[in-house]
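Asker: What shape does this take:
(chains A and B)
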Amino acid sequence: GAVVSQHPSWVICKSGTSVKIECRSLDFQATTMFWYRQFPKQSLMLMATSNEGSKATYEQGVEKDKFLINHASLTLSTLTVTSAHPEDSSFYICSAGPRDSNRYEQYFGPGTRLTVT
Amino acid sequence: LAKTTQPISMDSYEGQEVNITCSHNNIATNDYITWYQQFPSQGPRFIIQGYKTKVTNEVASLFIPADRKSSTLSLPRVSLSDTAVYYCLVGDGRESNTGKLIFGQGTTLQVKP
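Answerer: Purely as a prediction, here's the structure:
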């Protein structure tokens, strides 16, 4: 089956620094990837749609200058949390679907736990 | 994307069949119904998808009545490892080609020994 990986699986950073999270589709190409974040005991919240070769589309209320997304290839999207603050601490998850899939099916990465101190 | 309503939580015991019902009164003609499972500190996993009647795979069954305003995910003979959050999503089959998913609150299933 389709596999999506994320790196790192967890990261601790100091307030004010930037953190980059990678999302890779390992055995398929994805022109579109999605980034979510999830706070404890809450559901996933879609942050943005990452489009290969073009700008990301952000959901309402998500700061595009704070959460920089780059989709440089058909298998890699990166999310950079800039000038991180403790309130950015969360579980970040990416998803992608094979290009030839016409089902409402996405493959999710294992997630990245970000802790900002 | 149609809004969905699910019970916040459910308890069950090992070996029992669990049925989780999702309401989606405003489902559109092109919408599919999809269920995901999420374990703590992991990404969600696709379980099953359907449009009408009944769909069955190796993991679960999905029952959809004729009016499609609700759906029921059925997990046969649950085990402790089925303890997870289950999300019901409804979306346009065409829009879903882009993969964009909007998650509701989900149902936390607790399976007890």
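Asker: just checking, what packs against the helix or strand of chain B with the lowest mean pLDDT?
Answerer: Scoring the helices and strands of chain B by mean pLDDT, DSSP states H and E places strand B:84-92 at the bottom, with a mean of 89. Applying 3 or more CB pairs under 8 Å, 6 or more residues apart in numbering or on different chains; DSSP states H and E, we find strand B:84-92 packed against strand B:18-23, strand B:31-38, strand B:70-75, strand B:107-112. (Each C-beta comes from the backbone N, C-alpha and C, glycine too.)
Asker: for the third one, what is the average pLDDT?
Answerer: It stands for strand B:70-75. For strand B:70-75, mean pLDDT rounds to 97.
Asker: Also the first one?
Answerer: Confidence over strand B:18-23 (mean pLDDT, whole number) is 97.
Asker: Name the residues of it that are buried.
Answerer: B:18, B:20, B:21, B:22, B:23 (16 or more other CB atoms under 10 Å in any protein chain shown).
Asker: and chain A, which of its residues are near chain B?
Answerer: Chain A has residues A:4, A:32, A:34, A:36, A:43-46, A:49, A:91, A:93-97, A:101-111, A:113 near chain B, with proximity defined as CB under 8 Å from any CB of the partner chain.
Asker: which residue sits closest to residue B:49 in space, ignoring its chain neighbours?
Answerer: residue B:34 (4.4 Å; CB to CB, 6 or more residues apart in numbering or on different chains).
Asker: of all the helices and strands packed on strand B:84-92, which lies closest to residue B:84?
Answerer: Checking the helices and strands packed on strand B:84-92 against residue B:84 by CB to CB gives strand B:31-38 as the closest, at 5.0 Å.
Asker: who does the least confident helix or strand of chain B pair up with?
Answerer: Strands adjacent to strand B:84-92 in the sheet, as given by DSSP bridges, are strand B:31-38 (antiparallel), strand B:107-112 (antiparallel).
Asker: centre of the chain versus the longest one, how much separation?
Answerer: Between the mean C-alpha location of strand B:31-38 and the chain-wide mean there is a distance of 5 Å, by CA atoms, centre = their mean, to the nearest Å.
Asker: hang on, the earlier thing: could I have the buried ones of the residues of chain A next to chain B as PyMOL selection syntax?
Answerer: Buried subset of those, written as a PyMOL selection, criterion 16+ other CB under 10 Å:
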select buried, chain A and resi 4+32+34+36+43+44+45+46+49+91+93+94+95+96+97+101+104+105+106+107+108+109+110+111
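Asker: which SS state does the residue in chain B positioned nearest to chain A fall under?
Answerer: Nearest to chain A, among the residues of chain B, is residue B:43, at 3.1 Å (CB to the nearest CB). Recorded secondary structure, residue B:43: coil (DSSP: H, G, I helix; E, B strand; the rest coil).
Asker: tell me the pLDDT at the residue lying closest to residue A:85 once chain neighbours are set aside?
Answerer: Closest residue to residue A:85 apart from its sequence neighbours, by CB to CB, 6+ apart: residue A:15 at 5.5 Å. Looking at residue A:15, its pLDDT is 97.
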